[in-house]
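Student: Predicted model follows, preceded by the sequence.
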Amino acid sequence: MNSYAFNQLQLVAEDRVVEIGFGGAVVVPQLLRDAAFVCGVDRSQDVVDAASRRFAEAVRSGRAEFRVGTIENLPLPDATFHKALSVHTLYFWQSLEAGSRELARVLAPGGQVVLGFLPKAHMDRMNMPVDIFTPREPNEVIAALQGAGFNDVEVRRPTAETAWLVATGVRR
């Protein structure tokens, strides 16, 4: 799903991109290859420290930055990024609406968001802890993004048989 979501970004060399909940930094090398600047935000200080060490050269050269934060309160200035990416994090958001508003806040007008996730029916079979994990329906994600000011919101999947979903939208 990371590759599919990444491809939906359609990065250009001038793009400033933020990845929310980057975890093991699977997509960060591709982001650094194709974008002008990459910012990673994760709730774990250990994850942020590891990425800062792994991508130290990009950090030193001003092409990357890693910060501790949550989707509901991104530690980023307004209208700073052209693209935003988050894969397999929606389930942990306390509020789809608050997270969507924060993404809209940090994206410049015309900026694009790509959110990769598995649908609720698939995730329900995993029996994840309900106190920290909320499976999401595609229509919930679409409504939250539209409510936060995103246009052209749609859900895509690589094939009809694939459970992976990617919601994408453009900030007004």
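Tutor: Perfect, thanks for sending it.

Student: which residues of this structure fall in strands?
Tutor: In the chain, the strands defined using DSSP state E lie at 16-20, 37-42, 64-68, 81-87, 107-117, 150-156, 165-171.

Student: got a list of contacts for the second one?
Tutor: Think strand 37-42. Counting contacts by CB atoms under 8 Å, 6 or more residues apart in numbering, the residues outside strand 37-42 that touch it are 15-23, 25, 28, 31-32, 48, 51, 58, 62-71, 74-76, 81. Where you see a C-beta, it was placed from the backbone N, CA and C, and this is true even at glycine.

Student: how does it look with 7 Å?
Tutor: Contact with strand 37-42 is made by 16-23, 25, 28, 31-32, 48, 51, 63-69, 74-76, as judged by CB atoms under 7 Å, 6 or more residues apart in numbering.

Student: Repeat that for the last one.
Tutor: Judged by CB under 7 Å, 6+ apart, the contacts made with strand 165-171 from elsewhere in the structure are 4-5, 8, 104, 107, 109-119, 138, 141-142, 145, 149-157.

Student: and these, which are buried?
Tutor: When burial is judged by neighbour count using 16 or more other CB atoms under 10 Å, the buried members of the contacts of strand 165-171 are 4-5, 8, 104, 107, 111-119, 138, 141-142, 145, 149-150, 153, 155.

Student: rewinding a little: S100: which of the strands of the chain is closest?
Tutor: The stretch from these with the least distance to S100 (CB to CB) is strand 150-156; that distance is 7.3 Å.

Student: Using CSV, list the CA coordinates for the closest one.
Tutor: Below are the C-alpha coordinates for strand 150-156, written out as CSV (Å, rounded to 0.1, in the frame of the first residue of the first chain):
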residue,chain,number,x,y,z
PHE,A,150,-10.8,19.3,0.4
ASN,A,151,-12.2,19.1,-3.2
ASP,A,152,-12.1,16.2,-5.6
VAL,A,153,-12.0,13.7,-2.8
GLU,A,154,-12.2,10.1,-4.0
VAL,A,155,-11.3,6.6,-2.8
ARG,A,156,-9.1,4.6,-5.1
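
Student: Quick one: distance of that strand to the chain centre.
Tutor: In this view, strand 150-156 has its centroid 14 Å away from the chain centroid, taken as CA atoms, centre = their mean, to the nearest Å.

Student: go on, stretch 158-172?
Tutor: Shown here is stretch 158-172, whose average C-alpha point lies 13 Å from the average C-alpha point of the whole chain (CA atoms, centre = their mean).
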